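A.B. asks: This is a predicted model, with the sequence first.
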Amino acid sequence: MDLEGKRIVVVGGSRGLGSGLAEAFVARAAGVTVVARKATAMRGPAEQPPVTAISADATDADAAWRIMEQTRPDVVIMNAGAEPPMERIDRIGWEAFTTNWNVDVKAALHWVQAALTVPMAPGGLVVLISSGAAVQGSPLSGGYAGAKRAQWFIAKYADGLSAELGLGLRFRVLVPRQMFVGTGVGDTGIGAYAAKAGRTFAEQAATWPNMTPRAFGDTVAELIGKSGLAEAMVYAVRGDTGVTVIE
């Protein structure tokens with residue numbers, strides 16, 4: 001998939017991995033729209049074409065439908081999510097436990113539904129950004145791991161329905177299999193696990209490969225550009241091992 005000129009919507013693209021993804025797509029001459037609660041906080045490289053910013057709540061179903069109709073994207077990156085409340089399983093309350101179900105899963109469901117029902121044009125690609133916690137769990141982050149795994153099922157159900165209806169859409173999952181310094185989720189997790197292990201933040205961060213959000217974005221953009229994610233359903237991305245296929 002040649003990304004030049006492609007219309008790409010990055011939901012949750014104002015900071016962290018979403019910002020890295022948006023910058024990487026802009027660098028490849030794609031037409032990028034960033035959707036975020038505070039879209040004005042989004043930054044873009046000064047020498048690159050401007051990025052369209054739309055302020056909206058990613059969990060708002062009406063906003064998902066409206067933006068999909070307005071932008072008619074070729075690619076949707078679903079990266080919106082909440083920072084998980086960090087607490088032991090014997091101490092966390094239900095409201096905190098379900099935080100990521102009410103944001104990450106809800107937003108993924110609404111945007112996938114919008115892609116199927118607007119619908120996107122044949123050949124369209126929807127990518128849900130999950131987490132390594134969906135593979136190995138995360139004992140300190142309540143329902144986060146389960147919420148990120150639920151996104152896999154949403155993608156699979158949608159991909160099967162697209163085939164059944166002959167829509168010609170692909171729904172895929174990308175799994176960052178490491179924590180990233182400088183992102184909301186990454187800093188929250190690193191801080192919590194550092195405290196549990198009796199380490200400093202820097203010592204805990206050093207247990208993960210050194211990969212910036214922009215490097216993550218470049219890796220994903222290159223992968224989409226080369227393969228269109230046509231070869232598998234779920235891909236892992238990590239700084240030291242690069243891209244691997246999970247399933």
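C.D. replies: It's in.

A.B. asks: in stretch 198-206, what counts as buried?
C.D. replies: Neighbour counts over stretch 198-206 (16 or more other Cβ atoms under 10 Å) mark 204-205 as buried. (C-beta placed from N, C-alpha, C; glycine too.)

A.B. asks: Which residue is the nearest non-sequential neighbour of residue 74?
C.D. replies: Nearest in space to residue 74, with sequence neighbours left out and distances taken as Cβ to Cβ, 6 or more residues apart in numbering, is residue 6 at 4.4 Å.

A.B. asks: mind checking how far that neighbour is from residue 157?
C.D. replies: Between residue 6 and residue 157 the computed distance is 25 Å (Cβ to Cβ, to the nearest Å).

A.B. asks: Neighbour count for those two, which is higher?
C.D. replies: Taking other Cβ atoms under 10 Å, residue 6 and residue 157 do not tie; residue 6 has more neighbours (19 against 14).

A.B. asks: check contacts around the more buried one.
C.D. replies: Shown in contact with residue 6 (Cβ atoms under 8 Å, 6 or more residues apart in numbering): 25, 30-31, 74-75.

A.B. asks: Now with 10 Å, please.
C.D. replies: 25, 28-32, 73-75, 125, 224-225 (Cβ atoms under 10 Å, 6 or more residues apart in numbering).

A.B. asks: could you pull out the strands for the protein?
C.D. replies: Using DSSP state E, the strands of the chain run over residues 7-11, 31-36, 52-55, 75-78, 125-129, 170-176, 234-238, 242-245.

A.B. asks: which one of the ones you listed is the most hemmed in?
C.D. replies: strand 75-78 (a mean of 29; mean count of other Cβ atoms under 10 Å).
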